[in-house]
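>>> Below are the sequence and a predicted model for it; my questions follow.
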Amino acid sequence: MSLRRYGFDNQDHSFWQILVVCSGQEFKDHAKEFIAFCEANSPGLRLVFLLTDQSEEARLHLKCFSENLLSTILYVLDLDVSKHKLSKEVVAYLGVEWLIRNTLLSVVLLDLKCRVVRDLTILPIEFQRTHLSFPNIQNLEDVYSPTRPMWFQASVKGAKFARALVSKLPDGCDSWSSEDHRAFLMKQLKLIAPSPNVVDFPRKYWDENAVSPYISSPHAANSHSLSLVNDLDCKPSVIVLMLRQDIETKTPFANSSSKIRVERLSKLHRMGWRYATALLADTSRQEHQNVRVVPLSLWEINDQLIARLAFAKKIFVPHKTRMQLSDPRLWFYMQEFLPLLFTTSKEGWGASALWNGSGAYSNVKVDPRLALFKTQFKKAKITKGPQRKIAEARIPSFEILVPLQMPGDEALELHANCSQEDFVAQVAEFAERRKIPILVRPHPLDRTSFYATLKERWASDYVYFRRSGHIHDLINRAQVVAVINSGVGFEAMLLEKPVMSFGKAVYDEAVTPVLGDREIDTAYDSLLREPRDKYLKRYDKFLSWYLYDIGLKLDEPMVKDRLHATADRLLENKVQSSLLEELSIGKKGLRSSRAVKKGAASSIKQVIGAITGGYDVTQNRVKKVTRKHIAQVVARAINKRLLPVLDENIFLDKRVILVGNASSLLRHKLGLFIDGHEIVIRMNLGCPYLVRSDATAAMFPKEHVYGEFTDQRSSGLEKYTVLSPDAPQSTLEKHTAIQATGGKTDIWSCSTADQSRQHFFANAFPGALPVACHSSLHFLSHKFIMRHEVKRLEGSITGELRRRLKSEPTSGLIWIEYLSKQQFSELSLVGFDFFQSGHTIRAAPGSMDAAGRSRHKPQIERNYVINSILSQDPRIKLVQYENTHLAPKREAGLKAYHTESA
């Protein structure tokens, strides 16, 4: 039993999934249209197909049309049920239970014949407090549901219910009516203990009589469905890259649990990103373009990704500017100042946009909608980012509000005329000199030590530092607001407060800019002298122009066409109704209830039992953890004595290459270049003889197969076929990636956490020396150590990196740090893009990632390697790629950077 992935190899960040159970014939008849609707209407869905007859013909059919998928993440669940005469219902619940247990992701069970016609992103928000849901689970109205969707939460209760259904379903259940099936489910719910939380699957999702349902029943082929299927047969001409809003923007969260991700999706500024993407896509579809929306993280957007999308004529890119990505096909879009306000431009956003500094605002008439919006803005206290509630000392009286931006904010890095340190220094010195009290407030999401450092340096009788208070309240208490290019400047204009900008900001031409170190006095005095009605008239013109002429304001029924030269043309905003509907959904989701309600006496007994049982469980857990810790300490001590230290002299004056496992490596033929080094070091699963095609071990002569390995640390329990190094070269080149990765291995950095990997791959690297780089030596098998003469790295590199980076280092970083201290002649790093692409062999997320516990910080590691290692040692080069057909020599196309901007 395992998952096999198909389609575009973007990273899988899903935290829930859809399971579809069907026969091979049903798949051939309906799957393409089903997937086409998902790809077009709900970008980023994770679809898992379970073929009841294991049809190879259906798999070939899937492989053929999945090559053009960009958004949908597609898997086939290899659950061998063809040998048993099981009903389709039993197979479905078997699949649900397996997926919950192994992938740790919630499951929605859907019928193949239904059609996803609206974005399902909000579905996990609705069900966040629900273990189980299906139509009319509480409301027993006789409503027929042809699609019969079901929700199973990734929990013990969700898996337990699915397992109970497998054991209780009788033969012949496939012929049941919807009502019979519901009656059976209700009966089984009463038998589950403890009782799960249940709720009706909302009718707006599946009922044909609902207004604009999310999931429709099958219809006869029409022009729309045929158009979507035809679009799937070819590459799109327009691509909209969409930032996933359930994960961190720039680097993975340490905690990416479903609870955290649902909370993020529920926030207004996160909704704004999704609907802005939908609006851009819809605008292009109105021009009969083949459009795809591709959800990904910001760290995955780079030149390599754009090069892979060479077939597209236009690509919308979030958060970036022409200074960062120069491809002429790109259009840039960005959330500006308010949760539902976006701009788009060919050059970038903010001060990079073409319309910035044009003075065009001065010629517009103030839109009558502005007055109403300003009233709503003040009343609702609208802000782009959430305001933290912090109990702190009372806020003193002050005259100038100085809001800080996030350290590393792109608006600062790309557009600012000064650093935040210089900005605070200028304003603080001005306050001391003029004896004018100012209040410095950090960004509400800043968790760094930046604010504390500034406070320690500049706090005084005239320079106050406070975290508390809503930003609107602080703006209203200030006489003047001083900013670099913060969104608070825009908010202050809406709240009718005078603004000084230290630039550069899009509103510079409407507010009072501070142009030099001593210009702050002039700017401040001129602000106080300027009549209020004069600067408010200027502000209103700019705000009206920016909100209704330049911006895409998502809550408006009509928006200006910013994608063509005819900017005066109005476009219908077709996402507004869905946005307003989602705004009405509570952040805590649907209110669920127990499937079986017990009396007061039972409840009291249950509470008492829970308290006493909880005490016993806690005691047992403490004992178990203590025993485990002692065993690990003993095992670590024994293994440390058994493992000799790797001799550093082997690197003396050698040309060394460290090969990482980034999937971007597979797009370039670097095999000869890699094998040309004197010492080749490969990481963990980086065996060059792994089969990277749909071929299985049974398709090769036995003498050509090294073995098959099931990866227990993959959430999909993926099965890998490994060929023998002695297999014919033509076979290796056809079915493995040796042309990209090379075949030579001198040192194998073995897994220190998985003994099954240690034993299986020990002989898969012929002639290689196994080395344990990580300090977690207690997981190493004694048999593996003794039989294969395993070595370890000298020193406490792992611990030092943990303390320095405040995160768990990857094995790759441990090796880079270790090698940087050796006496080699040259070190090349290849296959390292710091999680900007996927894994060379693993398609499903690792078990830790699936559980929402990311241990690594790729952006921190990238910055450390570039700024602390590459910039300090000219012997070390990070190999990057300029095109997709690189020759295996440096001078023939490899581009090696000693340093690069962090």
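It's in.
>>> Just the helices from the stretch 101-250 of the chain, written as ranges.
123-126, 156-168, 178-189, 203-206, 223-232 (DSSP state H, counting those that start in this stretch).
>>> which residues are in contact with the last one?
Read that as helix 223-232. Contacts to helix 223-232, defined as CB atoms under 8 Å, 6 or more residues apart in numbering, come from residues 32-33, 35-37, 39-40, 65, 68-69, 115, 219, 290. Where C-beta positions appear, they are placed from N, C-alpha and C, glycine not excepted.
>>> I'd like to know how far T798 sits from C750.
15 Å (CB to CB, to the nearest Å).
>>> Looking at these two, which has the bigger crowd around it?
In this view T798 and C750 are compared by other CB atoms under 10 Å, and C750 has more residues nearby, 27 against 21.
>>> which ones are touching the spatially closest residue to that one that is not a sequence neighbour?
Of all residues not flanking C750 in the chain, P770 sits nearest, at 4.6 Å (CB to CB, 6 or more residues apart in numbering). Residues counted as contacts of P770 (CB under 8 Å, 6+ apart) are 747-748, 750, 762, 784, 788-791.
>>> and what of Y539?
493, 496, 510-511 are the contacts of Y539 under CB under 8 Å, 6+ apart.
>>> so which of those residues comes closest to A478?
For the contacts of Y539, the minimum distance to A478 (CB to CB) is 11.7 Å, reached by E496.
>>> Number of residues surrounding the closest one?
Using other CB under 10 Å: E496 sits among 15 other residues.
>>> and the closest residue to it other than its chain neighbours, what element?
Nearest residue to E496, sequence neighbours excluded (CB to CB, 6+ apart): L536, at 5.8 Å. Per DSSP states H and E: L536 is located in helix 532-545.
>>> which residues sit against the helix or strand following that helix?
Per DSSP H and E, helix 532-545 leads on to strand 552-553 as the next helix or strand towards the C-terminus. Strand 552-553 is contacted by residues 276, 279, 340-344, 547, 559-560, 562 when judged by CB under 8 Å, 6+ apart.
>>> Run the chain-centre distance for strand 552-553.
25 Å (CA atoms, centre = their mean, to the nearest Å).
>>> The helix or strand following that strand - what's its average pLDDT?
Downstream of strand 552-553, the next assigned helix or strand under DSSP H and E is strand 558-560. The average pLDDT within strand 558-560 is 89.
>>> for strand 558-560, which positions count as buried?
The neighbour-count criterion (16 or more other CB atoms under 10 Å) identifies 559-560 as the buried residues of strand 558-560.
>>> Quickly run through the sheet partners of that strand, with directions.
Neighbouring strands of strand 558-560 in its sheet, by DSSP bridges, are strand 570-572 (antiparallel).
>>> who touches the following helix or strand past the partner strand?
Of the helices and strands lying after strand 570-572 in sequence (DSSP H and E), the nearest is helix 576-583. For helix 576-583, the external contacting residues (CB under 8 Å, 6+ apart) are 118-119, 122, 212, 268, 271, 275, 278, 340, 554-557.
>>> Quick one: buried ones out of the residues you listed?
For the contacts of helix 576-583, buried by 16+ other CB under 10 Å: 118-119, 122, 268, 271, 275, 278, 340, 554-556.
>>> which non-adjacent residue is nearest K857?
Here the residue nearest K857, using CB to CB, 6+ apart, is S807, at 4.1 Å.
>>> Where does the prediction get shaky in the stretch 51-200 of the chain?
81-84, 137-147, 174 (pLDDT under 70).
>>> contacting residues for K267?
If you count contacts by CB under 8 Å, 6+ apart, then K267 has P386 around it.
>>> Distance-wise, check it relative to V107.
The gap separating K267 from V107 is 25 Å, by CB to CB.
>>> likewise H839?
24 Å.
>>> now do I681
In terms of CB to CB, I681 sits 40 Å off from V107.
>>> neighbour-wise, which of the contacts of P770 leads?
Busiest of the contacts of P770 [other CB under 10 Å] is C750, holding 27 neighbours.
>>> Now for that one: which residues touch it?
Taking CB under 8 Å, 6+ apart, one finds 684, 757-758, 761-762, 770-772, 784, 790 in contact with C750.
>>> now swap in T731 and tell me
T731 neighbours (CB under 8 Å, 6+ apart): 700, 704, 723.
>>> Between those residues, which sits nearest C418?
L723 (58.9 Å).
>>> pLDDT score for the closest residue in space to the closest one that isn't next to it in sequence?
Leaving aside its sequence neighbours, L723 sits nearest to Y689 (CB to CB, 6+ apart; 4.6 Å). pLDDT for Y689: 91.
>>> repeat for D616
Value for D616, per-residue pLDDT: 60.
>>> H13 too?
87.
>>> coming back round to it: restricted to helices, list the contacts of Y539.
Of the positions in the contacts of Y539, M493 sit in helices, assigned by DSSP state H.
>>> just the contacts of Y539 now: which is nearest A183?
M493 (61.4 Å).
>>> which residue packs closest to the closest one, ignoring adjacent ones?
Y539 (4.7 Å).
>>> Could you measure from the one you found over to L495?
From Y539 to L495 the distance is 10 Å (CB to CB).
>>> who touches the nearest residue to P318 once chain neighbours are set aside in this structure?
In space, P318 comes closest to L243 once its chain neighbours are excluded; the distance is 5.1 Å by CB to CB, 6+ apart. Taking CB under 8 Å, 6+ apart, we find L243 in contact with 249, 273, 295-298, 318-319.
>>> Can you tell me which of the residues you listed are buried?
Counted by 16+ other CB under 10 Å, the contacts of L243 give 273, 295-298, 318-319 as buried.
>>> Out of these, list just those in strands.
If you go by DSSP state E, these have 295-296, 318 in strands.
>>> Looking at the residues you listed, which one is closest to I585?
P295 (20.2 Å).
>>> I am assuming the closest one contacts P43, so please confirm or correct that.
Yes. Contact criterion CB atoms under 8 Å: P295 and P43 qualify, at 5.3 Å.
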